[in-house]
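Enquirer: Okay, predicted coordinates and the sequence, questions at the end:
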Amino acid sequence: MDTITQIRLLETMLRVRKAELQLAIMYKNGKVPCAAHLYEGQEAIAAGICDHLRHDDCITSTHRGHGHCIAKGMPIKKMIAEVSAKKTGCCGGKGGTMHLFMPEVGVMGTVGIVGGGIPIATGIGLAMKMQNTDRVAVSFFGDGAANNGSFHESLNLAALWKLPVIYICENNLYATSVAVWRSTPIPDIGIRGSAYGMPGVTVDGNHVDEVYAAMETAVARGRAGEGPTLIECKTYRIRGHFEGDDAFYRTKEEVAEARKRDPIDYWKAHLIANGAITEETFEAMSAKADEEVAEAAAFADASPYPEPESALLLSGNPA
Ligand SMILES: Cc1ncc(C[n+]2csc(CCOP(=O)(O)OP(=O)(O)O)c2C)c(N)n1
Ligand SMILES: [Mg+2]
């Protein structure tokens with residue numbers, strides 16, 4: 001991986017992290033009028049996967065999808081405005097956090113139904129194949145979703161039809177309050193790929209270089225018409241399931257231990273050690289991300305809510 005890519009990955013991770021921390025504050029201040037499932041600690045996955053995607057590739061995402069949208073190219077201000085239910089959001093303020101759409105950058109929806117995005121990405125992959133393109137579709141989903149019927153049906157069809165779909169299972173060890181060991185009898189969800197006749201790999205999802213390398217192979221396979229891949233990224237859900245969840249079902253020690261494996265700390269240390277950046281460069285990158293997020297929050301704050309008369313309009317993003 002060249003130095004420019006290394007730095008761009010760090011930049012994406014910082015932008016995602018800062019946006020999520022900003023939303024946490026906005027949620028506390030009553031500015032997010034719906035549940036907020038934040039992505040802190042999982043940034044390496046969105047960054048490492050989406051870095052391989054072109055503008056015309058597509059993703060589907062989940063209830064925990066802000067990071068995927070940013071990494072795929074949605075401007076942070078359109079995301080924050082939407083999550084704040086403002087007219088200037090990517091869906092005119094009518095979608096909110098679990099219905100973020102921006103087809104022009106390939107964001108085909110954050111979906112609140114667990115596992116719901118998996119068949120959508122599969123259908124998009126089928127369309128891409130029927131149109132004879134080398135585009136790929138990516139489905140992000142959690143460990144909980146990997147036990148949903150939609151996962152199994154989708155992987156079966158995608159392998160059968162050699163669809164250009166890459167399935168990204170973010171195993172953050174919890175589905176709401178249920179630890180993965182209580183719901184899943186195998187240590188690695190990645191091995192499920194072989195049951196359907198596709199490569200299935202498991203990587204450290206907190207190490208962006210590992211995620212990036214796995215995706216490089218998967219995306220080449222998809223573009224070459226060779227079919228789908230399942231990538232399981234092991235990570236940890238640092239925050240509660242949603243903002244306000246006190247997560248009584250796990251110990252503080254467990255979370256503290258996981259915080260030591262912060263994906264940004266890891267990549268920053270790696271880049272400093274190999275001379276790609278200095279501590280000063282990092283501070284400058286961090287400040288730039290802070291500035292972008294502060295501007296996005298101010299934009300959302302200053303934006304109006306959609307007019308009540310527009311409630312029944314079926315389409316059209318007035319912004
Ligand atoms: C079909 C369906 N069942 C249950 C829920 C309630 N629910 C919302 S998020 C969630 C847990 C999802 O866990 P996982 O797939 O691991 O994603 P994570 O929250 O860890 O990112 C559940 C059960 C839902 N939204 N949809
Ligand atoms: Mg999970």
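Expert: Yep, it's here. Ligands and ions are numbered 1, 2, ... in the order given.

Enquirer: List the beta-bridge partners for the single nearest residue of the chain relative to ligand 2.
Expert: When scored by C-beta to the ion, the chain has G142 as its residue closest to ligand 2, at 3.6 Å. (Glycine included, C-beta is placed from N, CA and C.) For G142, the beta-bridge partners are E170 (DSSP bridges).

Enquirer: got the contact list for it?
Expert: By C-beta atoms under 8 Å, 6 or more residues apart in numbering, the residues touching G142 are 62, 64, 114, 169-172, 175.

Enquirer: from the residues you listed, which are also near ligand 1?
Expert: Restricting these to those touching ligand 1 (C-beta under 6 Å from any ligand atom) yields 62, 64, 114, 172, 175.

Enquirer: how close does the fourth one sit to A19?
Expert: Meaning N172. 18 Å (C-beta to C-beta, to the nearest Å).

Enquirer: Mind pulling up the pLDDT for the residue of the chain found nearest ligand 1?
Expert: Nearest residue of the chain to ligand 1, counting by C-beta to the nearest ligand atom: G142, 2.4 Å away. pLDDT for G142: 98.

Enquirer: How about P318?
Expert: Confidence score, pLDDT, at P318: 51.

Enquirer: can you pull the contacts of the spatially most central residue of the chain?
Expert: Central residue of the chain (C-alpha atoms, centre = their mean): H68, 2.9 Å from the mean position. H68 is in contact with 46, 50, 59, 61-62, 107, 110, 140, counting by C-beta under 8 Å, 6+ apart.

Enquirer: Tell me which helix or strand it sits in.
Expert: Using DSSP states H and E, H68 sits in helix 66-72.

Enquirer: Export only the CA atoms of that helix, formatted as PDB.
Expert: Output in PDB follows, covering the C-alpha atoms of helix 66-72 (Å, rounded to 0.1, in the frame of the first residue of the first chain):
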ATOM      1  CA  HIS A  66     -23.000   6.700   9.400                       C
ATOM      2  CA  GLY A  67     -19.400   5.600   9.000                       C
ATOM      3  CA  HIS A  68     -20.200   3.500   5.900                       C
ATOM      4  CA  CYS A  69     -22.000   6.500   4.300                       C
ATOM      5  CA  ILE A  70     -19.100   8.900   5.000                       C
ATOM      6  CA  ALA A  71     -16.500   6.400   3.700                       C
ATOM      7  CA  LYS A  72     -18.500   5.900   0.500                       C
END
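
Enquirer: got a list of contacts for the helix or strand just after that helix?
Expert: Sequence-wise, the next helix or strand downstream of helix 66-72 (DSSP H and E) is helix 76-83. With contacts defined as C-beta under 8 Å, 6+ apart, helix 76-83 is touched by 15, 19, 22-23, 26, 32, 34, 36, 66, 69-70, 87-91, 93, 95-97, 100, 102, 292-293, 295-297, 299-300, 303, 319.

Enquirer: Mind giving me the packing neighbours of the helix or strand following helix 76-83?
Expert: On the C-terminal side of helix 76-83, the nearest following helix or strand under DSSP H and E is strand 107-110. Contact analysis of strand 107-110 by 3 or more C-beta pairs under 8 Å, 6 or more residues apart in numbering; DSSP states H and E lists strand 58-61, helix 66-72, helix 117-130 as its packing neighbours.

Enquirer: Alright, I will stop here.
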